[in-house]
Each structure stands twice: as C-alpha cells, then as structure tokens.
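sequence first, then the predicted structure:
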Number of protein chains: 2
Amino acid sequence: MADSEALSSHAGDPVAVEALLQAVFGIVVGEAIQKGTSASEKVCEWKEPEELKKLLDLELRSQGESQEQILDRCRAVIRYSVKTGHPRFFNQLFSGLDPHALAGRIITESLNTSQYTYEIAPVFVLMEEEVLRKLRALVGWSSGDGIFCPGGSISNMYAVNLARYQRYPDCKQRGLRTLPPLALFTSKECHYSIQKGAAFLGLGTDSVRVVKADERGRMVPEDLERQISMAEAEGAVPFLVSATSGTTVLGAFDPLEAIADVCQRHGLWLHVDAAWGGSVLLSQTHRHLLDGIQRADSVAWNPHKLLAAGLQCSALLLQDTSNLLKRCHGAQASYLFQQDKFYDVELDTGDKVVQCGRRVDCLKLWLMWKAQGSQGLELRIDQAFALARYLVEEMKKREGFELVMEPEFVNVCFWFVPPSLRGKQDSPDYHKRLSKVAPVLKERMVKEGSMMIGYQPHGTRGNFFRVVVANPALTCADIDFLLNELERLGQDL
Amino acid sequence: MADSEALSSHAGDPVAVEALLQAVFGIVVGEAIQKGTSASEKVCEWKEPEELKKLLDLELRSQGESQEQILDRCRAVIRYSVKTGHPRFFNQLFSGLDPHALAGRIITESLNTSQYTYEIAPVFVLMEEEVLRKLRALVGWSSGDGIFCPGGSISNMYAVNLARYQRYPDCKQRGLRTLPPLALFTSKECHYSIQKGAAFLGLGTDSVRVVKADERGRMVPEDLERQISMAEAEGAVPFLVSATSGTTVLGAFDPLEAIADVCQRHGLWLHVDAAWGGSVLLSQTHRHLLDGIQRADSVAWNPHKLLAAGLQCSALLLQDTSNLLKRCHGAQASYLFQQDKFYDVELDTGDKVVQCGRRVDCLKLWLMWKAQGSQGLELRIDQAFALARYLVEEMKKREGFELVMEPEFVNVCFWFVPPSLRGKQDSPDYHKRLSKVAPVLKERMVKEGSMMIGYQPHGTRGNFFRVVVANPALTCADIDFLLNELERLGQDL
C-alpha cells in the first residue's frame, strides 16, 4: 500500500527553484565568469589538500542544508577552483571561456537528455549530424560517418576497434584469440591514449610499434616503412597507422601525405589523431599543416581544445559510408532501438557507440559556430598562431629564455634559464640544475596564483615549460606579463 | 611576424558577455525549467525530421549571427527538445529536474576543468574522493577505490578489464592472444553493454555465457553454476560474473548472496551492474533487494538515473585497495603526471582511467546531496517505490491493463488491452494484435505531446509498456493522468 508521506511530491516549489537558480547564476556570473576571466584576479587560489578539505567540508550527511549554506558552498567551490578561462592559464591544451559555447552548455544541462534516439533527442540527433557533416567537409570529405565521443582517447580507441573489425569482422564475436598477432604504428610523440587503447582493447601495448620522430617531433615515414617490414617479418599483421596532427608536447604535425602513401602501399587503415590540431583546418593560412588528412580513414578532432567549446567536445570522423560504425558497435537492444517505430529508425544513432546513455556534446559547438561563423573561428586560430609567434619573438629579445625549438603550432616549449645558470652551458651539472628550475617556478606561480604553465621532461631533455597559446581572449599584454612574471619569479635562482 | 588584426583579442566585451548569458539564462528558466516541468505544457513537440531541420536551420555558415538571432536559436532548441524533467516523461531510466543538481552542473560548466590532476581540479579531486567514499560506504565497504566514468557501459567495461588484468597482468602488455579463452557470465536480462564491452575489449561476444533468468527476470544461480562447469569443460577459463541490480526492462534484482557464493567457490570476480538499482541502497526499507552487494569486487552505480543527478553521473566502485585501477589503466604520461610536483602526486587521479581529459561529474551529486541530505534522498527512493505500487494498484482497478508481472522495483511493465481485444485472449491472433497496440499509442502520445512511455518486445512477449517511476516531482495525480490518457488514446482500438 502506498504510504501517504512517501506519496507527496518532493519537488521544490517552482518559485523557490527559480530563486535558487537565479542566486546560483548570479554567483556564477560574478565569481566564475567575471572574476574568473579577469587578469586582475588570481588564476588559482592554492590550498594544501588537508586545508582545502577543511574549507570545503566535503562530508555528505543525513540532514540537508539551508539555501544560504548551499549558496556558500557554491561560492567556495568556485573560489578554490582553478580558473581555466583566465588569461594567465596556459597549462593545458584548453583554455578560455566562450560565452556562446557556455550558453549551449547551460541549455544542454537544463534539457538533460541522452543522444541515443530521435525520440528523446530530436534536435540533437539532427544537429550532431550537421556538425559532423561540417567537420567532415573541413577534412575534405563530402560523405562519411562519425560520432561525438567522451574525449579523444576514446575516439582513438574507436578508430583502432573499427580498423580491426573492418579487417576481421569475426573478432566482434570470436575475439582476438583466433587472429594472428596484430600491429599498429604510431610515433614516439603520439598521445598516450594509443598505448592505453591497445591495452584496453585486448591487443596489448606490445602491439604498438613505435616509429621514430624527427628532431621536430614529426613521424619519419621511412622508419614507418621499416617498422612495417619488421613487424611482418616477425609474423605480425599490420592493420593501422595512427598519425598525429598536433602532438601534445611539441605541437608537431606528422607528414600526412607521405604517411598516407605508406598506408596505401600496405593497405593499412590511416587514423589521424587531430584532437589538438584539427581545428587548424578552419584557417586558410595554416591548414596546409594537415595536408593529406583527406586521405585518412578516420580522424579524431576535439573542438573543446583549440576552439574552446568546453569539455567535452570530441568528434570521431570517418570516411566510411558502409555503416561500419554501427556494424562494429551495434547490439540492437530491443528495448531502445525498436524497429517498429513510427519514424525512420536510422535516426536512432545510439547503436553506433559502445556507450548507452551519451551526453549531448554538439550544441555548444553549434551555437558558438552560429554566433562566430566559420570566419570568426578562423580569426581565432590565426590569432593563436600570431600570438605564439609574438611570444617566440619576444623571448628572443630577452636573456634567459631558451627555445626547445621553433614551434610550428601554438605550443611554445622553452627553458627559463635563471641568472645563476646563464652562460654555464658547459658546466657538467647544467642540465641537471636546469631541469629543477621549472618545478620551482611552477610551485611559485601556483602559490601566488599569478599564472599557470605546464612543464615536463621529454625524451632526453630535462624539464621545460610548454606555454599553450589557445585562449581567444589573449592579448600581447598577457604574453608580456607571462615573460615578465617568469623573470620576476626566477630572478633569485 | 605578428599581424596586427590577428593580435587583437577576440573575447567579447564583459558587459556584452554578461548580457548574453543573462538573456540565455532567462530563456532557460522560463522555457526549459518552468514550462519544461509544468504538467500543463507538452512533454514534447513532435516534428518530422525534415520539417524540424527546416525549423532549426542547422547549417553552419561563414558569417556569424546577431545576438537576437542567437537567442531565437536558443528558444527553438529548447522548444523542440523533449522535456525529460516533465512529470509525464516516463520513457527512460532517468527523469526529473533537481534544481541543486542543475546548479552543480551549471557551475561545472562555468569552471570547465578536467578531472586529471589536483593542480587544475583541486576541489573536484577531493570531492570525487569523498563522494566515492560515501557511495562505497552505502555498498558496505569501509575502504576501496573507484572513479566516475562516462556512463554505466564504460563502468561495466572497466570491471571486465580489471578482472582480466587482475588474473593475467601480462595481458596489458601482451594482449589476449597468449591467454586461454576466457569466459564471463551474466544473465539474459543483463544490460547490452556487457556484450558490447566483450566485443570492444577483444574478448568477443562468444566469451559471454548467458545464464538463465527466472520468470521475474532474476539470474538463476544453479544455472550459473552449470554454465561455469560447461565453460570449463569446453576449455575456457571463467573469470567474472556480472550480476544486475535493477534490470533495464523488468527492474529485477539478481540474488547477490547466492551468486557471491558461486563466485567465491570458483574464485571469480563478482561485478554488480547496479547502474539502475544502486540508488536503492539509500533506502532502509528497500535496500534488502541488494543484499550481498558488499561481497562484490566491483559495482557500477549511476546516480544520474534514479537520483536525477543529471547525465552523466556514473560511478565505478571497487573493493580493491591495491591500486589495481591505476596499475591496470595507467600509462604514466610524463607531461601530465610529473613525479617532481610540489604536492602529493597520488592526488593526480587521471591515470586511473583510459580517458585523458575527463569531465567533472561529482559536483552535481555532491551539491544535491548536501541540499537534500541522505534522508531527503531516501525519501525520494521510498516515494518512487510507493508511487509504482500506487500505479499497480490503480491498474488493477481498471479494465484493459494487464501487468506483465508484479514489479519488484519502479519499472512497471504492462499491456494496455484496447476495447476490441478485451476478452479475446483465446483468439489465435490475440498476441500479434496486442503487440501492435503499444507502437500505435506511442505514436499518438508523442504526436499530441501528452506523455512519453517506452515499450519493447521482450523474449517471447510482444510489445508492452514500461513505465519508469523515477521523477521526484511525481504525484498520484500524474499517475492517474497516465492511466486516463492511455485509456483515452486507446479507446478506438
């Protein structure tokens, strides 16, 4: 029997709901957006983990809290979070805050639907198709397929899974045990998701053959050819090459035409991981960096990176028109993909993915694109290249900045050489001492909250900074600040 | 050289940004939230795909659009989208609109960070840990591990990958080829992601041994035992059982104690797919349905379903304390997970997952929990059970509603028997004709926009409706409406 207390609605009163959301939205606009993108505010307010735990009072208890307490919690969450839209956040391959994309994200959240059927996502099924069509057109394809994935790593895994399924359709049912050993090829500069994907998909990391990169981080096609021969000589079956357009650290673009030639000769699936560099296709000036991409079988492209669409926005694009995606991933669940619906069930795209529920990731990109136009987005890309160039030229005018190399993209990699190490290149512990500089400066900048820049060791090179110039709000003044601030933070070292 | 046009900032003026976002927020509150949850408005406004394409004008062009056009586009997107927070949306395993969860989602979007390092997600690294700790405590574990995943399907895949890695750590490097054939076990009522996962992970769908379910949809432990013996006799190595707490269609709970006994006897990893039913653990009255879950090795639990936290919010919980998750999935990328950071790098949880960038999915749940308290959430669960019971009792009072079975959860499965078929159970084409009723009624309700209920065939049963009683805003009046509306829509059939 129904219990009367339990039967009463637990939804809030609509007036109170609106008041709560208005109050939260006011906090978001003031604290996260206005202060969060203002150069006069901190990019982060560092707290040690134990202190931050106390400040946040994270414990979940039996009793609920008052609206005033909840609003305080919203303020605290924003206050102690890193402001990735801030003009001094250079730390990752994403930054900036596009207001139209954010508007699209807020609408997405308020509608809270899943992208699997036309029935419950009519607008977004059609919109995703159109956005993917546009991205494919930029790659150079007039037809094809695609899907938004939860990040570039999963897009890359999809490509590997599709390539092996195309070659061995039986493996969906029978698994890998009955197959010969498979080999896939990528350069040593590739994203780590290729290794992770090979493990996850049951191929094992040994199946990844690492191809040499040149001194600028670009795959060497001759070594690819050699690795393919070696793998074949060892009895493995090559099936896929994953080239990278925009490597994570150096921002290098693999030579796609030459790699496509190799793939064509050997009948291999060409995947291009353009998660980072794909957005350069919007720029007439710079898209030559991806020449040959139209010869790929699949492309991973994350508009949440350089286009600032917001996490996550990650497209896998396919040249295939044989419904490979659905054949490879489909399971025909009868409770979701009924065949006796009153509309064309080809619109139920959910069986193209290995997920069931899938977030709507297209609206934020679509709305931003409608507002900016392709021309507006192109300007942003060109601006990012120009500012990266400005940064490089300004560095050359100053003492103490040593470029790792001339960048070909918007990743600017360099050592800050502090006063005590200048002119000491020949000293035996120079490189060891230099590699300790970036961690110290990073700690200082984060604790002051003045800016954030990533650093890493790389191959035989010790720690160097990687500034990513991606935020569309950046100006030369922000770049000047970055250089001055590094000098200030490092003057006593 | 830097080009002066390109070097100017393309960020909007802060006042215009705020005005845009205020206008969008006003539209969201009025159209998506107030109208979208009002019983006097439509749950959807059906348009044929071709007509909808025209209405939306989806094409992405070179030129950007004015703010007024953009706001019109926001209105259109909301207008033609399905209102999943509406009290007449019974179509999926999620529904309702929790204002605190939505507030958490809006803050998440405005902060736009990735969950991989403490450096850029200090608040959310600590918060995720605390939320996972709380969910584990409800499972019955005082320690363990876990992570938020992009949906239950991927949580289930993680469990399978972890189980095989635990047994064969070499497979991460060497792949499946060197292993014996593996077998995993799940019932025929399990979610289709188990099959999808087996294919994706390279095991192949043949590795999934389908265990019988009883007439109520619960796995039969004796048949599990039999299937394990059969697999072994065929030379396969059993390694995992995936039990389900809350099956997708019938809402059945597998008998976990008996299944855990079998797993213990055979040394198998016990995974519980509680994506749908996990939230029942919050109810003292109903949590007995999951008795034995504390004996699992892993649990998948989606608070975006019954708790209405918002897509996506999907936790994988582990009893493991040996860092299995990181050992299995980690790749130690040196540019992200530097070991010479100035804080405890154990806080960089990103290497626990196969993704790189990962959305923040904990804040919406945390904020809702803080506002409601565990007690408030418990009331919601109890209310959903009570309303499902109310629906069943009311059906029994009416002609024309035939239950598929007495539900044990909040999935209420039934046939609507229209007037022309009543009393014709013995007619040879009764079942064939009955199975055509649900698609017709579905089309009618969607085209009128009055409500949405899912239907499906199931095993030998023809199409029946599945009403999911999950929206915390539901009242008895909504249930009465549902019954009256089915009668109205089907009176001429």
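Right, received. Where do you want to start? This structure is a prediction, so every number in the text was calculated from the model and none was measured.

who touches the closest residue in space to residue A:80 that isn't next to it in sequence in this structure?
Sequence neighbours aside, residue B:123 is the residue nearest to residue A:80 in space, at 5.1 Å (criterion: CB to CB, 6 or more residues apart in numbering or on different chains). (Glycine included, C-beta is placed from N, CA and C.) For residue B:123, the contacting residues are A:52, A:56, A:77, A:80-81, by CB atoms under 8 Å, 6 or more residues apart in numbering or on different chains.

so which of those residues sit within helices?
Using DSSP state H to define helices, the subset of those located there is A:52, A:56, A:77.

residues near the second one, how many?
Applying other CB atoms under 10 Å in any protein chain shown, we find 20 residues neighbouring residue A:56.

quick one on the thing from earlier: how far is the host helix or strand of the residue nearest to residue A:80 from where the chain is centred?
Residue B:123 is located in helix B:122-139, with elements delineated by DSSP states H and E. Relative to its parent chain, helix B:122-139 has a centroid offset of 19 Å by CA atoms, centre = their mean, to the nearest Å.

CA atoms only for that helix, dumped as PDB, please.
The C-alpha trace of helix B:122-139 is given here as PDB (Å, rounded to 0.1, in the frame of the first residue of the first chain):
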ATOM      1  CA  PRO B 122      41.800  20.700  -6.600                       C
ATOM      2  CA  VAL B 123      38.300  20.900  -5.400                       C
ATOM      3  CA  PHE B 124      37.000  18.200  -7.600                       C
ATOM      4  CA  VAL B 125      39.800  15.700  -6.900                       C
ATOM      5  CA  LEU B 126      38.900  15.900  -3.200                       C
ATOM      6  CA  MET B 127      35.200  16.000  -3.800                       C
ATOM      7  CA  GLU B 128      35.200  12.900  -6.100                       C
ATOM      8  CA  GLU B 129      37.100  11.000  -3.500                       C
ATOM      9  CA  GLU B 130      34.600  11.900  -0.800                       C
ATOM     10  CA  VAL B 131      31.500  11.100  -3.000                       C
ATOM     11  CA  LEU B 132      33.000   7.800  -4.000                       C
ATOM     12  CA  ARG B 133      33.800   7.100  -0.300                       C
ATOM     13  CA  LYS B 134      30.100   7.800   0.600                       C
ATOM     14  CA  LEU B 135      28.800   5.500  -2.200                       C
ATOM     15  CA  ARG B 136      31.200   2.800  -1.100                       C
ATOM     16  CA  ALA B 137      30.000   3.100   2.400                       C
ATOM     17  CA  LEU B 138      26.500   2.500   1.200                       C
ATOM     18  CA  VAL B 139      27.700  -0.600  -0.600                       C
END
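
buried ones in that helix?
For helix B:122-139, the neighbour count (16 or more other CB atoms under 10 Å in any protein chain shown) marks B:122-136, B:138-139 as buried.

where exactly do the strands run in the stretch 351-493 of chain A?
Taking DSSP state E, counting those that start in this stretch as the test, the strands found in the stretch 351-493 of chain A are A:401-403, A:411-416, A:452-458, A:461-468.

what mean pLDDT does the first one have?
Think strand A:401-403. Per-residue pLDDT over strand A:401-403 has a mean of 98.

in its sheet, what does that strand sit against?
Using DSSP bridges, the strands paired with strand A:401-403 in its sheet are strand A:411-416 (antiparallel).

what do you get for the longest one?
Partner strands for strand A:461-468, per DSSP bridges, with pairing direction: strand A:411-416 (antiparallel), strand A:452-458 (antiparallel).
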